[in-house]
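A.B. asks: Okay, here's the prediction I keep looking at, along with the sequence it came from:
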Amino acid sequence: MAVRTLRSRKGITIVTQISDAEAARLLLEAAPRLADKSAKFARELSAKFRSYGGFTPEQAVWAHKMVRDAGLMPAGEAPPPQTQAPQEEDRPEPVQLPGALRLYSMFRAAKAAGAELPRVVFSTPAGRPLAVSMATGKSKYPGHLNVTDNGTWHKSVWYGRIGLDGKFFPSGDCDGEVFDMLVALAEKPLEVSNGHTARTGMCGLCQCKLEKPENGVDAACRKAWGL
């Protein structure tokens with residue numbers, strides 16, 4: 001297989017010659033020689049590959065990195081890479097997000113109503129999960145809004161962040177579908193939230209299962225979020 005360069009959003013760069021399928025297989029071989037937490041992560045990554053037929057870009061970096069760190073790269077594999085930050089020219093340009101100030105108004109209302117870590121979960125019409133959450137005071141950009149695929153912390157795909165000035169800073173994983181749904185959420189938050197609720201049966205504002213999802217998000221949630 002041709003040499004590939006994989007890069008995570010945090011700047012971890014992996015040069016590899018093996019396929020993702022081979023990496024998934026080698027993860028299981030590596031698991032017994034890893035610490036408990038890492039071994040569990042390796043098995044989960046391998047299971048994700050088998051379940052979905054592939055890795056996300058972020059998962060691929062971690063899978064190949066763990067195989068390399070366990071010393072299981074095949075002979076003749078490319079030399080271990082150096083961790084490096086993405087080059088400036090590789091970063092997508094920030095764009096103004098229509099309706100961004102409305103999103104911030106919603107999050108301020110939720111915080112004022114008592115939500116410690118407010119999060120909006122929504123989805124595309126095809127069911128692709130997305131989430132917007134507010135960065136904590138310990139983050140690099142406190143108060144900014146992060147956009148992800150709603151995965152758990154170390155497995156989620158980060159699509160970018162919305163700055164306090166309303167500019168969206170996309171990651172390399174952000175595509176047109178994600179951006180269009182983000183614009184839709186910012187401009188028509190209740191309509192998008194109701195659509196997600198109808199598709200999933202879950203309230204996108206409190207993440208609770210609703211008895212009558214066809215009625216949209218719960219009235220108490222609408223009030224708490226200023227909708």
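C.D. replies: Now that the structure is in, tell me what you want to look at. Residues are numbered from 1 along each chain as shown.

A.B. asks: Now tell me what touches the longest helix along the chain from outside.
C.D. replies: Scanning the chain for the helix with the most residues, using DSSP state H, yields helix 36-52. The set of residues external to helix 36-52 that reach it, using CB atoms under 8 Å, 6 or more residues apart in numbering, is 20-21, 23-25, 27-28, 30-32, 34, 55, 59, 62-63, 66, 154-155. For every residue, glycine as well, the C-beta is placed using N, CA and C.

A.B. asks: In contact with Leu34, which residues?
C.D. replies: Applying CB under 8 Å, 6+ apart, the residues contacting Leu34 are 42, 66, 70.

A.B. asks: Sorry, wrong one. I was asking about Val95.
C.D. replies: 167-168, 170.

A.B. asks: Quick one: the helices in this structure, in order.
C.D. replies: Using DSSP H, helices in the chain cover 20-30, 36-52, 57-69, 100-112, 176-187, 189-200, 219-224.

A.B. asks: what angle do the longest helix of the chain and helix 57-69 make?
C.D. replies: Calculated by axes from the mean of the first three to the mean of the last three CA atoms, to 10 degrees, helix 36-52 forms an angle of 130 degrees with helix 57-69.

A.B. asks: and helix 36-52, how far from the chain's centre?
C.D. replies: When distances are taken as CA atoms, centre = their mean, to the nearest Å, helix 36-52 is centred 17 Å away from the chain's centroid.

A.B. asks: Could I have the CA atoms of stretch 57-74 written out in PDB?
C.D. replies: Provided in PDB are the C-alpha atoms of stretch 57-74 (Å, rounded to 0.1, in the frame of the first residue of the first chain):
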ATOM      1  CA  PRO A  57     -10.200  10.600  10.200                       C
ATOM      2  CA  GLU A  58      -9.500  11.100  13.900                       C
ATOM      3  CA  GLN A  59      -9.900   7.400  14.800                       C
ATOM      4  CA  ALA A  60      -7.500   6.500  12.000                       C
ATOM      5  CA  VAL A  61      -4.800   8.600  13.500                       C
ATOM      6  CA  TRP A  62      -5.200   7.000  16.900                       C
ATOM      7  CA  ALA A  63      -5.400   3.500  15.500                       C
ATOM      8  CA  HIS A  64      -2.200   3.700  13.500                       C
ATOM      9  CA  LYS A  65      -0.400   5.600  16.300                       C
ATOM     10  CA  MET A  66      -1.300   2.800  18.800                       C
ATOM     11  CA  VAL A  67      -0.100   0.100  16.400                       C
ATOM     12  CA  ARG A  68       3.200   2.000  15.900                       C
ATOM     13  CA  ASP A  69       3.700   2.700  19.600                       C
ATOM     14  CA  ALA A  70       3.200  -1.000  20.300                       C
ATOM     15  CA  GLY A  71       6.000  -1.900  17.900                       C
ATOM     16  CA  LEU A  72       3.700  -3.700  15.500                       C
ATOM     17  CA  MET A  73       4.300  -1.800  12.300                       C
ATOM     18  CA  PRO A  74       5.400  -4.200   9.500                       C
END
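
A.B. asks: Going by neighbour count, list what's buried in that stretch.
C.D. replies: Judged by neighbour count using 16 or more other CB atoms under 10 Å, the buried positions of stretch 57-74 are 58-68, 70, 72-73.

A.B. asks: Identify the residue spatially nearest to Asp218, adjacent ones excluded.
C.D. replies: In this structure, Asp218 finds its nearest non-sequential neighbour in Cys203, 5.5 Å apart by CB to CB, 6 or more residues apart in numbering.

A.B. asks: Tell me if I'm right that the one you found and Asn194 touch.
C.D. replies: No - if you go by CB atoms under 8 Å, Cys203 and Asn194 don't touch, sitting 9.8 Å apart.
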